[in-house]
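**Q** give me a 3D structure for the following:
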Amino acid sequence: MKKSTHLVLYAILFTCISILLIKQFVPNKVDSRSTVTKNTFEKKEIAKESPLRLNIAYVNSDTVSKYYNYAKKLQKSLSTKRDEAEGQIKNKYSSYEVLVREFEKASPIMGDREKMEKAQKIRMLEQEIMKVEQQLSQQLSSEELRLTEKYILKTNEFMQEIGKNLGFDYVMSYRVGGAMLYANSEFDITLEIIELLNQKYDTLK
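**A** Residues are numbered from 1 along each chain as shown. Down below sits the predicted model:
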């Protein structure tokens, strides 16, 4: 009987201890989960309230070059200078060809001294043409560099003001075959930028 009673008491005591242990540890586990959930929720709320959002747009640089008045003026100016340089070279070559034809035509009846003088004149004209061609090429390259640099600096000045006024963090340049492989058309502001650039350029006239 005593042994049986002891067993019952041990069972009751074990049950009580188990209940106490459950009460002790289970709430802590729930609280821990609650704390994690709360922290996660707070982090999400912070992310919602202060997201790192960048306002980005892009323009098609080929289209800008085609319709931007400053770019068109630059292209026209450079084309005119190239045509002028080519014209000078062509005139020199025309004079050279005339001299060569005259020499070939009159060569059979020329004396040795006259032949040498005419041949020397032709060689000098050849050297002059080469020299003029080289000089014009260098001048044209320098002028292209100067005008292009001026264009880039002024256009960059315009874009800094335009981009800021429109509220963009970045305005990127896109062209087929360029570094940007894909661009969402929703962020294409090419036409708007062309209009604003032309307005800025018109103020310089």
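
**Q** give me the element the spatially closest residue to residue 110 that is not a sequence neighbour is part of.
**A** Of all residues beyond its chain neighbours, the one nearest residue 110 is residue 118 (7.0 Å), with distances taken as C-beta to C-beta, 6 or more residues apart in numbering. Bear in mind the C-beta positions are built from the backbone N, C-alpha and C, glycine included. When elements are defined using DSSP states H and E, residue 118 is found to belong to helix 112-166.

**Q** equivalent analysis for residue 181, please.
**A** Once you assign secondary structure using DSSP H and E, residue 181 falls outside every helix and strand.

**Q** elements contacting the helix holding residue 118?
**A** Using 3 or more C-beta pairs under 8 Å, 6 or more residues apart in numbering; DSSP states H and E as the contact definition, the elements that helix 112-166 packs against are helix 69-106, strand 170-174, helix 190-202.

**Q** state the mean pLDDT of it.
**A** Here the mean pLDDT over helix 112-166 is 92, rounded to a whole number.

**Q** tell me where the model's unsure across the chain.
**A** Applying pLDDT under 70 to the chain picks out residues 1-52.

**Q** got the domain boundaries for it?
**A** If you go by automatic domain parsing, the domain ranges for the chain are 1-50, 56-202.

**Q** let's have the ones you listed in JSON lines, adding mean neighbour count.
**A** Conversion of these to JSON lines gives the following (neighbours: other C-beta atoms under 10 Å):
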{"stretch": "domain 1-50", "mean neighbour count": "10"}
{"stretch": "domain 56-202", "mean neighbour count": "14"}
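
**Q** center of this structure, which residue is that?
**A** Residue closest to the mean C-alpha point of the chain, counted by C-alpha atoms, centre = their mean, is residue 173 at 4.3 Å.

**Q** not counting its neighbours along the chain, what's nearest residue 163?
**A** residue 171 is the one closest to residue 163 (C-beta to C-beta, 6+ apart), at 4.7 Å.

**Q** which ones are touching the one you found?
**A** By C-beta atoms under 8 Å, 6 or more residues apart in numbering, the contact list for residue 171 reads 56, 57, 58, 59, 159, 162, 163, 189, 193.

**Q** in the sheet, who's paired with it?
**A** As for beta bridges, residue 171 partners with residue 57 under DSSP bridges.

**Q** do you know how far it is from residue 182?
**A** Here the distance between residue 171 and residue 182 works out to 17 Å (C-beta to C-beta, to the nearest Å).

**Q** over to residue 199?
**A** When distances are taken as C-beta to C-beta, residue 199 and residue 182 turn out to be 30 Å apart.
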